[in-house]
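Chemist: What follows is a predicted structure for the sequence shown.
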Amino acid sequence: MYWYLAKIVFQVSCERGGKIQFDEQLRLIQAEDEFQAYVKAQAAGLAEEERFADGHGKQVSWLFVSVSELKQLDPWSDGMMLHSTTEEPEEADSYRLQLRLRGASIRQRVMPEALQLL
């Protein structure tokens, strides 16, 4: 068995208007080969299509679009990279602050006493 990283994409739209959104999800798939990994990722996307009414009674749709990426992962090792993305924010200082606040929130959740050390 091998491990694959699959990107599954959904189109999210709401009856009350607004921009159509695309939700890109990275999924870990275990399979015998690339074909089986693709079939499993495709099946997961189709199984998770959903239509429901939001809090205002308007229809919201999550429609499966595609498995847009599929990559076999190398054997697992501690600290291996699974995903990387590069951002170009308009305000680098604000973006950096936002990242540090997220990091502090994680630290507080996993080791609350760490905040007393800062």
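Modeler: Right, received. Where do you want to start?

Chemist: any idea of the mean pLDDT in the lengthiest helix in the chain?
Modeler: Longest helix in the chain by number of residues (criterion: DSSP state H): helix 92-110. pLDDT averaged over helix 92-110 equals 85, rounded to a whole number.

Chemist: and if you look at stretch 61-68?
Modeler: Along stretch 61-68, the predicted confidence averages to a pLDDT of 92.

Chemist: Likewise for stretch 7-16?
Modeler: Stretch 7-16 comes out with an average pLDDT of 88.

Chemist: Which stretches in this structure count as helices?
Modeler: Counting by DSSP H, the chain has helices at residues 34-47, 92-110, 114-117.

Chemist: Please identify the most buried of those helices.
Modeler: When neighbours are counted by mean count of other C-beta atoms under 10 Å, the highest per-stretch mean among these falls to helix 34-47, a mean of 16. Just so you know, the C-beta spots here come from the backbone N, C-alpha and C atoms, and that holds for glycine as well.

Chemist: Report all helices and strands that it contacts.
Modeler: In this structure, helix 34-47 makes packing contacts with strand 2-14, strand 21-31, strand 59-72, judged by 3 or more C-beta pairs under 8 Å, 6 or more residues apart in numbering; DSSP states H and E.

Chemist: Now do the contacts for the residue nearest to the spatial centre of the chain.
Modeler: Centrality entry for the chain: nearest residue to the mean C-alpha point is Gln25, 3.4 Å, by C-alpha atoms, centre = their mean. With C-beta atoms under 8 Å, 6 or more residues apart in numbering as the criterion, the residues that contact Gln25 are 7-10.
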